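Chemist: prediction below, plus the sequence it came from.
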Amino acid sequence: MGLFDNLSKTLRQGADFAKKGTELIKKQSELFIKEESIKSDISVEKKKLARKMNALAARAYELYSKNEIDDPEMIDICKVIKTLRWSIDDKWRAIEKLKRQSLKLDSDFEDETADEDWENDSELLNNSKKDADGNVSKKEGSDENADSNDEPEDDEEIEDKGSAENADERS
């Protein structure tokens with residue numbers, strides 16, 4: 001056998017292998033699709049069953065509420081259900097209370113922030129007034145004849161004073 005004979009034999013085997021592999025994948029895909037379809041049907045029927053069980057439970061609980069059930073086991077189950085419902089209601093009330101407290105805290109924080117902003121704005125307004133050109137004039141009652149060569153306070157000094165005031169407020 002020559003090289004070409006071996007090559008053609010190998011190619012045929014490869015083609016047969018690919019064909020069998022393709023058929024296998026196709027069959028597995030069909031089985032998978034059928035399996036998933038059945039799982040979907042099961043899911044739909046479980047949902048129907050759950051709705052019917054809930055309706056039955058609701059009816060039984062309704063009869064319990066009217067004292068029309070005399071089965072001790074059913075009565076015990078209904079008592080547990082009633083206790084669970086009360087517990088759930090209590091927890092929802094606690095959540096609502098926490099929400100109200102949170103809203104109050106937010107509101108208080110916004111009020112405090114607004115007050116602080118107003119105080120800062122009014123202090124700035126009182127300390128300096130701008131004329132129509134936007135030039136800052138000195139506060140009324142200040143010494144107009146002060147030496148014009150005096151250096152204004154450093155920004156750092158102003159920041160340090162502000163930091164000291166804020167530290168005093170936090171204490």
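Modeler: That came through fine.
Chemist: helix, strand, or coil at residue 70?
Modeler: Under DSSP: H, G, I helix; E, B strand; the rest coil, residue 70 falls in the coil class.
Chemist: what about it, neighbour count?
Modeler: Residues contacting residue 70 under the criterion other Cβ atoms under 10 Å number 8. For the C-beta atoms, the positions are set from N, CA and C on the backbone; glycine is no exception.
Chemist: by contact count, what packs against the helix or strand in which residue 25 is found?
Modeler: Assigned by DSSP states H and E, residue 25 belongs to helix 3-65. Judged by 3 or more Cβ pairs under 8 Å, 6 or more residues apart in numbering; DSSP states H and E, helix 3-65 is in contact with helix 72-127.
Chemist: and residue 33, how far from residue 41?
Modeler: Using Cβ to Cβ, to the nearest Å, residue 33 is found at 13 Å from residue 41.
Chemist: for residue 99, same thing?
Modeler: Distance from residue 99 to residue 41, by Cβ to Cβ: 43 Å.
Chemist: one more: residue 23?
Modeler: For residue 23 relative to residue 41 (Cβ to Cβ), the value is 27 Å.
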